[in-house]
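**Student:** need a 3D model of the following:
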Amino acid sequence: MTTEKHHGTHLIDYLKAWPQFLLPHYSLCNAMHAITRIRTPFIKNPLIKWFAKQYAVNMSEAVEPNATVYEHFNAFFTRALKPDVRPVCEQVNALLSPVDGAISQLGAITQGRIIQAKGRNYSLLELIGGDQQLAKEFADGSFITLYLSPKDYHRIHMPLSGKLKHMLHVPGRLFSVSAATTRVVNRLFARNERVVTLFESASVGDFYVILVGALFVGSMETVWHGPITPPHGGFLKRWDYDSSDASVELNKAQEMGRFNMGSTVILLFKPDTVRWSEELTIDTPVTMGQKLGEVVS
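**Tutor:** As a prediction, the model looks like this:
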């Protein structure tokens with residue numbers, strides 16, 4: 001278990017984070033969901049143009065480079081990329097980045113605890129939705145947390161080939177997942193609403209791909225189910241895919257879902273199954289298809 005003190009946490013981080021405890025998270029996300037689906041040209045086109053300029057979005061990478069052609073802001077935000085702009089590492093045992101983004105944290109799961117930020121950690125058991133048997137199996141495994149900024153490509157791809165075993169929608173809050181918030185809000189990723197997917201792979205056995213929602217980022221979907229949120233809140237929901245008529249199998253680098261706005265993806269692996277690339281450190285930028293590590297043979 002991590003025992004570091006909260007070094008590097010500044011007053012400004014608390015000032016940025018504390019108002020979020022008072023905000024109506026679901027109402028704000030529902031409002032953003034509606035705004036980003038407005039089709040009226042004189043509303044959606046200025047919004048798209050402002051966003052693309054503000055965040056220096058590289059539209060030359062998109063299949064459709066003309067930002068005003070998209071039917072609404074969300075279609076622009078989840079735009080498809082040209083197939084050649086994200087080369088996929090072809091090494092057979094490579095573990096791929098599922099997204100464009102930056103590394104928030106990576107390393108070992110220690111006695112069922114995962115590092116959130118320096119001096120803060122959270123429960124693996126809580127993150128995955130309370131399955132005690134699976135928590136034991138992953139308790140001393142490996143994890144990586146990947147943060148997607150507003151300018152990033154927001155489709156999520158498979159880090160390895162896998163067969164879907166189950167999916168959970170875990171209700172929760174929708175705090176921001178910015179670096180400042182992760183430094184001050186305890187158990188952030190285990191508190192936020194999330195979609196938890198468990199896959200089985202021939203190379204590493206079971207592994208998790210977890211989509212974590214955030215403030216203004218309450219809409220998540222998968223390719224096999226479609227939109228999962230909204231609606232928000234409610235009770236934990238579970239879908240099992242063990243039967244042949246519900247089977248879902250996806251290849252490495254194949255799209256598996258998307259954030260309608262941006263957030264965080266967490267990958268979890270069992271002990272002694274993967275090895276992270278040595279050059280990866282906190283804040284290292286990554287792109288979809290890039291090698292993050294290797295499967296341990």
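**Student:** so what sits opposite the residue most central in space within the chain in the bridge?
**Tutor:** Computing the C-alpha centroid of the chain and ranking residues by CA atoms, centre = their mean puts residue 265 first, at 2.1 Å. Bridge pairing for residue 265 (DSSP bridges) gives the partners residue 146, residue 211.
**Student:** for it, give me its contacts.
**Tutor:** Under the criterion of CB atoms under 8 Å, 6 or more residues apart in numbering, the contact list for residue 265 reads 98, 99, 101, 145, 146, 148, 156, 209, 210, 211, 212. C-betas here are computed from N, CA, C, even on glycine.
**Student:** if any of those are buried, put those into a PyMOL selection.
**Tutor:** To isolate the buried subset of these in PyMOL, counting by 16 or more other CB atoms under 10 Å, use the following:
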select buried, resi 98+99+101+145+146+148+156+209+210+211+212
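**Student:** in CSV, list the contacts of residue 265 along with pLDDT and distance to residue 290.
**Tutor:** Converted to CSV, those look like this (pLDDT from 0 to 100; distance: CB to CB, whole Å):
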residue, pLDDT, distance to residue 290
98, 98, 10
99, 97, 10
101, 94, 10
145, 97, 16
146, 96, 11
148, 91, 14
156, 96, 14
209, 98, 16
210, 97, 19
211, 96, 19
212, 93, 20
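**Student:** could I get the contacts of residue 265 as CSV with distance to residue 168?
**Tutor:** CSV is the format used below for those (distance: CB to CB, whole Å):
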residue, distance to residue 168
98, 18
99, 20
101, 22
145, 18
146, 19
148, 21
156, 16
209, 12
210, 9
211, 11
212, 12
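**Student:** just name the closest of the contacts of residue 265 to residue 132, please.
**Tutor:** Nearest to residue 132 among those is residue 210, at 17.4 Å by CB to CB.
**Student:** distance of the closest one relative to residue 78?
**Tutor:** Here the criterion is CB to CB, to the nearest Å. By it, residue 210 lies 19 Å from residue 78.
**Student:** nearest residue to residue 144 in space, please, no chain neighbours.
**Tutor:** Among residues not flanking residue 144 along the chain, residue 106 sits closest, at 4.1 Å (CB to CB, 6 or more residues apart in numbering).
**Student:** my read is that that neighbour contacts residue 276, right?
**Tutor:** Yes. Taking contacts as CB atoms under 8 Å, residue 106 lies within contact range of residue 276: 5.7 Å.
**Student:** next up, phi/psi of the residue lying farthest from the centre of the chain, please.
**Tutor:** The outermost residue of the chain, judged against the average C-alpha position, is residue 42 (31.8 Å), by CA atoms, centre = their mean. Main-chain dihedrals, residue 42, degrees, to the nearest 10: phi -70, psi -10.
**Student:** contact partners for it?
**Tutor:** Contacts of residue 42 by CB under 8 Å, 6+ apart: none found.
**Student:** from residue 131, how far off is it?
**Tutor:** 49 Å.
**Student:** for the stretch 151-297 of the chain, what spans make up the helices?
**Tutor:** 179-184, 188-191 (DSSP state H, counting those that start in this stretch).
**Student:** so the protein: which segments form each domain?
**Tutor:** 11-77, 94-295 (automatic domain parsing).
**Student:** export those to a markdown table and tack on distance to residue 86?
**Tutor:** As requested, the domains of the chain are exported to a markdown table (distance: least, CB to CB, whole Å):
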| stretch | distance to residue 86 |
| --- | --- |
| domain 11-77 | 8 |
| domain 94-295 | 5 |
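**Student:** and of those, who's closest to residue 87?
**Tutor:** Closest to residue 87 of the domains of the chain is domain 94-295 (CB to CB; 6.0 Å).
**Student:** centre of the chain versus that closest one, how much separation?
**Tutor:** Offset of domain 94-295 from its chain centre (CA atoms, centre = their mean, to the nearest Å): 5 Å.
**Student:** gap between the two ends of it?
**Tutor:** End-to-end span of domain 94-295 (CA to CA, to the nearest Å): 6 Å.
**Student:** ditto for stretch 254-272
**Tutor:** Chord length of stretch 254-272, first to last residue, is 25 Å (CA to CA).
**Student:** and that stretch, average pLDDT?
**Tutor:** Mean pLDDT, stretch 254-272: 91.
**Student:** can you give me the buried ones in that stretch?
**Tutor:** Those would be 256-270, for stretch 254-272 by 16+ other CB under 10 Å.
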